[in-house]
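> Got a predicted model here, sequence first, then my questions.
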Amino acid sequence: MISYLEKMVKDTLDAVGNVSILFLQTIYWTFHNLRTGRFAFGNLIEQMSRIGVDSLLMVAITGVSTGAVLVVQIGYQFAQMGAQSYVGGVVALSMARELAPILTSIVVAGRVGSAIAAELGTMKITEQIDALETMATNPVEYLVVPRFWGCTIMLFMLTIFTNVVGMIGGSIVAVNQIGLTLISFKDSILHMLQIQDLMGGLIKATVFGSIIGVIGCYKGFTTEGGAEGVGQSTTSAVVVSIMLILAVNYFLTVGINNFCVAYLQ
């Protein structure tokens, strides 16, 4: 039992160290290529399209349904208490602070994180990554950097999109089922939602995007064992990304709230 725990702790620490090294290498190659004018913007745009544009439908469905369900859940209760004027603001705060970045990240982790791990894992198994090194091309520079920044940038953008479509879905339900007017729903949002609420959620989304990118690439780079190993890496990339997103979300929430209390109020 003790040896098993020791092995688990050792493997966990090794993984944390290797992921940290991969992250630092990604940052180094990013600034190095920007400074030398060698940054592959074409590869970045391609990854942004694959990560962001191809995820729009899934994110739209997630945002609309979440906004609609929130209004259904709280709208009737607020109406019974005579607090209909707060429905839009409460929904907007819930979406901006927590639900939009969390749900968008989980959707992207399932779709994009798995795809990155499978793609790079297949390249690892078929020795394409070794071939890049043979041709004096750094795999982190060529493969990780565009995927990492594609995830980070597009998760920021997708979270904004989720907020917008969530408010649209919520407003439709509020008008047609709860009996609110569109003007009162909008005024409630403008009255209660502040810029720090939006920015806090977008900061979370940026961090979550970087987690998805670096974990997906790390799992792909460490794939072993043929087709079975690719499947294991794909599953592991999604599970680890979601677990880290949920864990890191707590610390980000506490940090952002403390910052807002100390400096913005």
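Yep, that arrived.
> Helices along the protein, start to end?
Applying DSSP state H to the chain gives helices spanning 2-36, 41-51, 56-80, 87-94, 100-108, 114-125, 128-134, 139, 145-173, 182-192, 195-221, 226-263.
> what mean pLDDT does stretch 15-22 have?
Confidence for stretch 15-22, expressed as mean pLDDT, is 91.
> my guess is N18 meets Y218, correct?
Yes - judged on CB atoms under 8 Å, N18 makes contact with Y218 at a distance of 6.7 Å. Every C-beta, even on glycine, is put in place using the N, C-alpha and C of the backbone.
> Could you check which of these two has the larger neighbour count?
Higher neighbour count among N18 and Y218: Y218, with 24 against 13, using other CB atoms under 10 Å.
> any idea of the pLDDT on the more buried one?
We have a pLDDT of 94 for Y218.
> For V230, see how far away it is.
In this view, Y218 and V230 are 14 Å apart by CB to CB, to the nearest Å.
> same check, this time on G37
35 Å.
> who has more neighbours, the two?
More crowded of G37 and V230, by other CB under 10 Å: V230, with 23 against 6.
> on that earlier part again, highest mean neighbour count out of the helices of the chain?
Comparing these by mean neighbour count (mean count of other CB atoms under 10 Å), helix 100-108 comes out on top with a mean of 25.
> I'd like the mean pLDDT over it, please.
In this model, helix 100-108 has an average pLDDT of 95.
> Give me the residue ranges of this structure where confidence is low.
1-2, 265 (pLDDT under 70).
> So for it, the centremost residue is which one?
By CA atoms, centre = their mean, the chain has its centre lying nearest to S105, at 3.1 Å.
> Run through the residues that contact it.
Each residue near S105 by CB atoms under 8 Å, 6 or more residues apart in numbering is listed here: L155, A205, F208, G209, I212, I245.
> quick check, nearest of those to I172?
When the contacts of S105 are ranked by distance to I172 (CB to CB), A205 comes first, at 24.3 Å.
> what residues are up against the closest one?
Contacts for A205 were tallied using CB under 8 Å, 6+ apart; they are A100, P101, T104, S105, L155, F156, L158, T159.
> Quickly note the distance from the residue nearest to the centre of the chain to G201.
11 Å.
> Same question for K186.
From K186 over to G201 (counting by CB to CB), the distance is 19 Å.
> Next: G150.
Counting by CB to CB - G150 and G201 are separated by 20 Å.
> Ok, T104 next?
Taking CB to CB, one finds T104 at 10 Å from G201.
> For F23, which non-adjacent residue is spatially closest?
Nearest residue to F23, sequence neighbours excluded (CB to CB, 6 or more residues apart in numbering): V214, at 5.1 Å.
> Isn't the one you found up against Q25?
No - contact criterion CB under 8 Å: V214 and Q25 do not qualify, at 10.1 Å.
> Mutual contacts of these two, please.
Joint contacts of V214 and Q25 (CB under 8 Å, 6+ apart) are V144.
> list the contacts for G209?
So G209 contacts S105, V108, C151, T152, I153, M154, L155, F156 (CB under 8 Å, 6+ apart).
> wait, I meant I215
By CB under 8 Å, 6+ apart, the residues touching I215 are V19, G113, A237, V240, S241, L244.
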